[in-house]
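Visitor: no sequence on this one, just coordinates:
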């Protein structure tokens with residue numbers, strides 16, 4: 001009988017990483033990868049035969065909204081329920097948000113950690129969402145790294161919710177972030193266009209689910225992406241565009257990267273699988289998210305952007321509003337967001353089966369590129385000696401259909417109801433613990449840790465604004 005620290009040997013599997021694909025044994029001990037090779041031996045270790053299975057570095061979801069408020073509504077999950085659902089779907093780490101709701105972003109980080117610590121069953125990290133440039137924020141920016149935050153988030157929309165960053169605020173944060181070693185990420189939508197469109201649609205009595213896509217046509221996203229790329233290039237600050245939904249957005253990012261801009265694109269499964277046809281359904285209001293899902297041409301352009309490296313990561317943008325909470329008087333009043341933390345990895349693996357991605361590119365966009373972006377590689381996103389033992393075993397022949405009744409997210413519906421998949425995560429190892437094994441939650445302990453994201457090297461390529469006085 002192996003002792004608790006004798007380790008676990010995964011034998012005979014096909015190891016797929018971002019840069020390799022082939023047979024390998026993996027020895028796990030003490031929560032880390034101890035050895036990777038062929039014909040490994042470990043006399044006292046538990047041995048698991050994974051022949052015929054694919055082993056990948058643990059996927060990281062860089063975009064979740066757990067226990068998240070939207071106007072008067074709130075998502076139905078907790079850090080416990082959301083990370084449990086994430087594990088069922090083959091994710092080993094999530095990255096959530098600490099949102100500045102008053103003066104202090106550091107206080108927001110502490111409050112968010114108080115929610116997650118002792119509840120999350122998976123490791124987690126936090127971004128910092130800046131909603132207002134205050135004197136307190138200015139003094140905190142040089143110290144956020146000490147709290148483990150390396151990526152800032154700005155909303156270029158939601159003006160009426162009081163969280164929008166105008167161009168002046170964008171310019172200040174981009175310059176400060178460059179000097180202090182942060183990456184800036186943005187929700188890129190032009191509020192003035194979509195607010196104008198909303199008013200016109202309301203006046204015409206067009207307020208059903210389809211109005212959501214009509215009031216936010218592709219120009220709403222594309223203009224904002226174009227503008228923030230220009231500002232970030234002038235400020236020489238690394239930029240991440242969240243949840244890209246349009247072919248035009250992909251093209252803008254591709255051109256900027258070809259010209260040397262340090263810009264990264266993220267998309268989400270809903271934009272890869274759903275189209276605006278869902279708004280014509282009787283329950284079309286369920287599918288309201290921002291940006292909206294688009295046309296089939298946009299969907300295919302996003303897959304191509306992932307394949308060619310224009311888009312680098314895939315986040316779920318998980319926002320688990322139950323069916324009853326998604327009912328609004330008009331499309332403009334419905335809480336935005338779709339549940340997806342459990343289905344992200346299976347849906348992206350389906351992209352391999354359908355010929356959109358190579359196996360290694362799949363691993364890159366769900367795991368390794370995320371780890372690199374947040375400074376966590378090779379601790380995360382890798383299967384190397386010394387890496388955290390976060391591993392997912394996929395059975396390429398496992399057949400499942402997605403049904404809300406058999407998924408584990410805290411909602412009573414799924415955007416992908418009835419979708420049949422071949423290939424599914426069957427074993428999830430987090431920090432050396434087998435958390436999910438087949439149809440069982442093998443270790444539900446809330447043993448997830450907060451993982452600080454290290455800062456990148458700051459740049460002094462342009463005059464500093466980090467210490468400029470408050471207006």
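Guide: That came through, no problem. Since the structure is predicted, the reported quantities are computational estimates derived from the model, not experimental observations.
Visitor: ok, longest helix in this protein?
Guide: helix 218-235 (DSSP state H).
Visitor: what residues does it touch?
Guide: Residues from elsewhere that reach helix 218-235 (Cβ atoms under 8 Å, 6 or more residues apart in numbering): 156-157, 167, 170-171, 174-175, 178, 184, 186, 188-190, 193-194, 238-239, 241, 244-249, 252-253, 256, 261-263, 291, 294, 298, 462. Yep, even glycine has a C-beta here, placed from its N, CA and C like the rest.
Visitor: Repeat that for stretch 289-298.
Guide: 157, 187, 189, 212-213, 216, 218, 220-221, 243, 245-247, 270-271, 274-276, 278-279, 287, 317, 319, 336-338.
Visitor: pLDDT averaged over that stretch, what's the number?
Guide: Mean pLDDT, computed over stretch 289-298, is 98.
Visitor: Make a PyMOL selection of whichever of the contacts of stretch 289-298 turn out to be buried.
Guide: The buried residues among these can be selected in PyMOL (16 or more other Cβ atoms under 10 Å) with this line:
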select buried, resi 157+187+189+212+213+216+218+220+221+243+245+246+247+270+271+274+275+276+278+279+287+317+319+336+337+338
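Visitor: Contacts for the lowest-mean-pLDDT helix or strand in the chain, please.
Guide: Least confident helix or strand, the chain: strand 69-70 with a mean of 82, by mean pLDDT, DSSP states H and E. By Cβ under 8 Å, 6+ apart, the residues outside strand 69-70 that reach it are 319, 321, 335, 336, 337.
Visitor: Can you tell me which of those residues is nearest residue 80?
Guide: residue 319 (17.1 Å; Cβ to Cβ).
Visitor: And that closest one, how far from residue 268?
Guide: To residue 268, residue 319 is 11 Å away according to Cβ to Cβ, to the nearest Å.
Visitor: again, but for residue 260
Guide: The gap separating residue 260 from residue 268 is 27 Å, by Cβ to Cβ.
Visitor: how about the helices in the stretch 201-350 of the chain?
Guide: Using DSSP state H, counting those that start in this stretch, the helices of the stretch 201-350 of the chain run over 210-215, 218-235, 247-258, 269-273, 296-308, 344-353.
Visitor: among these, which is nearest residue 46?
Guide: Among these, the nearest to residue 46 by Cβ to Cβ is helix 344-353 (24.8 Å).
Visitor: buried stuff in that closest one?
Guide: Residues 344, 345, 346, 347, 348, 349, 350, 351, 352 are the ones in helix 344-353 that count as buried (16+ other Cβ under 10 Å).
Visitor: and residue 457, how many neighbours?
Guide: Residues lying near residue 457 (other Cβ atoms under 10 Å) number 5.
Visitor: For it, list the residues it contacts.
Guide: Residues near residue 457 by Cβ under 8 Å, 6+ apart: residue 181.
Visitor: Name the residues that touch stretch 350-367?
Guide: 16-21, 54, 56-60, 272, 303, 306-307, 311-314, 344-345, 348-349, 380-381, 421-423.
Visitor: SS state for residue 96?
Guide: strand (DSSP: H, G, I helix; E, B strand; the rest coil).
Visitor: doesn't residue 116 make contact with it?
Guide: Yes: in this structure residue 96 lies within contact range of residue 116 using Cβ atoms under 8 Å: 7.3 Å.
Visitor: Overlap in contacts, the two.
Guide: Listed contacts common to residue 96 and residue 116 are 66, 79, 124; contacts here mean Cβ under 8 Å, 6+ apart.
Visitor: quick one, phi psi at the second one?
Guide: Read that as residue 79. Main-chain torsions, residue 79, degrees, to the nearest 10: phi -60, psi -30.
Visitor: Residue 186 too?
Guide: The phi and psi values for residue 186, taken as degrees, to the nearest 10, are phi -140, psi 150.
Visitor: ok, back up a step: taking the contacts of strand 69-70 together, which two end up most distant?
Guide: So, the contacts of strand 69-70 by Cβ to Cβ: farthest apart are 321 and 336, at 8.5 Å.
Visitor: SS state for residue 435?
Guide: Here residue 435 is recorded as strand under three-state DSSP.
Visitor: correct me, but it touches residue 441?
Guide: Yes: applying Cβ under 8 Å, one finds residue 435 in contact with residue 441, separated by 7.2 Å.
Visitor: quick one on the thing from earlier: out of the buried residues of helix 344-353, which comes closest to residue 407?
Guide: Using Cβ to Cβ, residue 346 comes nearest to residue 407 of the buried residues of helix 344-353, at 10.2 Å.
Visitor: if I pick that closest one, what's in contact with it?
Guide: Applying Cβ under 8 Å, 6+ apart to residue 346 gives the contacts 89, 90, 400, 402, 421, 423, 424, 425.
Visitor: From those, which land in strands?
Guide: Among the contacts of residue 346, the ones falling in strands (DSSP state E) are 400, 421, 423, 424, 425.
Visitor: Save these as CSV, and put in distance to residue 37, neighbour count and pLDDT too.
Guide: Supplementary listing: these in CSV, determined by distance: Cβ to Cβ, whole Å; neighbours: other Cβ atoms under 10 Å; pLDDT from 0 to 100:
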residue, distance to residue 37, neighbour count, pLDDT
400, 32, 16, 97
421, 32, 17, 98
423, 26, 18, 98
424, 27, 19, 98
425, 24, 23, 98
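Visitor: I'd like those residues as JSON lines, with distance to residue 412 appended.
Guide: Listed next are the ones in strands among the contacts of residue 346 as JSON lines, based on distance: Cβ to Cβ, whole Å:
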{"residue": "400", "distance to residue 412": "19"}
{"residue": "421", "distance to residue 412": "21"}
{"residue": "423", "distance to residue 412": "26"}
{"residue": "424", "distance to residue 412": "22"}
{"residue": "425", "distance to residue 412": "23"}
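Visitor: just those now: which is nearest residue 43?
Guide: Nearest to residue 43, judged by Cβ to Cβ, of those is residue 425 at 29.4 Å.
Visitor: isn't that closest one right up against residue 92?
Guide: No: applying Cβ under 8 Å as the test, residue 425 and residue 92 come out as separate, 10.0 Å apart.
Visitor: hey, what's in contact with both of those two?
Guide: With Cβ under 8 Å, 6+ apart, residue 425 and residue 92 have common neighbours residue 392.
Visitor: Can you give the contact residues for the helix or strand hosting residue 106?
Guide: Element membership of residue 106 [criterion: DSSP states H and E] is helix 105-116. For helix 105-116, contacts defined as Cβ under 8 Å, 6+ apart pick out 66-67, 78-79, 96-102, 124, 126, 128-130, 137, 140, 143-144, 147-149, 448, 450.
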